[in-house]
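**Q** got a sequence here, can you model it:
(one chain, ligands or ions: 2)
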Amino acid sequence: MRLRIVGCTGSMSGPRSAASCYLVQAEGPDPVTGATRTWNVALDMGPGAFGQLWTHVDPCDLDAVVFSHGHADHIGDVISLHVHRRWGPGRGLAPIVLAGPEGVLDRVRQIDGVGPEEAYEGEFCERSLVAGRALRIGPLTVTPATAWHSVPGFGVRVEGPSEGDPGRRASLFYTGDTDQCDTITAGARGADVLLAECGFTEQETVRGIHMTGARVGEMARLAGVGRVLLTHIQPWTDPAVPVAEARTTWPGPLGVVHAGEIHTI
Ligand SMILES: [Zn+2]
Ligand SMILES: [Zn+2]
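**A** Ligands and ions are numbered 1, 2, ... in the order given. Next up, the predicted model:
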């Protein structure tokens, strides 16, 4: 299983990266042909991400998009995917799974500026995420865990074949946007990689929206994860700040993601 960092800037697109989008890839059998192929699942698709996704994979080969929540910095570029599949090279392909909190297509309509008569039948197959209910996409399973944010949202645990040992199931937990809470910690328990949002520093005292580096570290320790990757850092924040904060609570492997990176899991 591979994690490709398509976009990782917090709350917006930034000078060095698009907004949130992470591509998870794994090899598995195709149900139609029986042949092994690469499966592609995008986690979030914020502003600027669709164009950058194209540098990692042909968008025609996407199997599913999973939205952690409906904030524009995580879903805004779904409109580009819609155009690609209705009028572009993706025209005529089967509808792609679009999963997220209940009402995800309503959010797409709002961004698109259209009414309820627009069903996106040719482009999207809507799936509502439910905490604890796994969604199977080829060799990958995606299991949501309830987040603590300003709108309904989920962190997601993605499990699939280990890159180094395909007989073993490896795991990634992506927090989406959330403050530290028991449900997110439980969802991440024992994950090989914790991809954790770090939208706040200790300068911000409001609760229920984002984590700080210190709260990510505490969560990582409670969940017993293998490796921590910080993301969703605001473009005006020096990444050294959340890293230093995380170091106060987490002694294990720690990094900050950058657009274009590929992490094997
Ligand atoms: Zn966000
Ligand atoms: Zn958000």
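**Q** whether stretch 57-70 contacts ligand 2 - can you check?
**A** No - for stretch 57-70 and ligand 2, the contact criterion (Cβ under 5 Å from the ion) is not met; the two come no nearer than 5.5 Å. Quick note: C-beta positions are derived from backbone N, CA and C, even for glycine.
**Q** just how off-centre is that stretch within its chain?
**A** Centroid displacement of stretch 57-70 relative to its chain, using Cα atoms, centre = their mean, to the nearest Å, is 9 Å.
**Q** likewise for stretch 189-201?
**A** Worked out by Cα atoms, centre = their mean, stretch 189-201 lies 11 Å from the chain centre.
**Q** can you show me the helices along this protein?
**A** Along the chain, counting by DSSP state H, helices occupy 49-53, 72-75, 78-86, 104-112, 182-187, 213-223, 240-247.
**Q** got TSV for those, with mean neighbour count too?
**A** As requested, the helices of the chain are exported to TSV (neighbours: other Cβ atoms under 10 Å):
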stretch	mean neighbour count
helix 49-53	23
helix 72-75	24
helix 78-86	20
helix 104-112	17
helix 182-187	20
helix 213-223	22
helix 240-247	19
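**Q** pLDDT at the closest residue to ligand 2 within the stretch 151-265 of the chain, what is it?
**A** With Cβ to the ion as the measure, residue 177 is the residue of the stretch 151-265 of the chain nearest to ligand 2, at 3.5 Å. Among the per-residue scores, residue 177 holds a pLDDT of 98.
**Q** which ones are touching it?
**A** Residue 177 is in contact with 68-69, 71, 74, 147, 149, 153, 197, 199, 209-210, 232, counting by Cβ atoms under 8 Å, 6 or more residues apart in numbering.
**Q** noted, bye for now.
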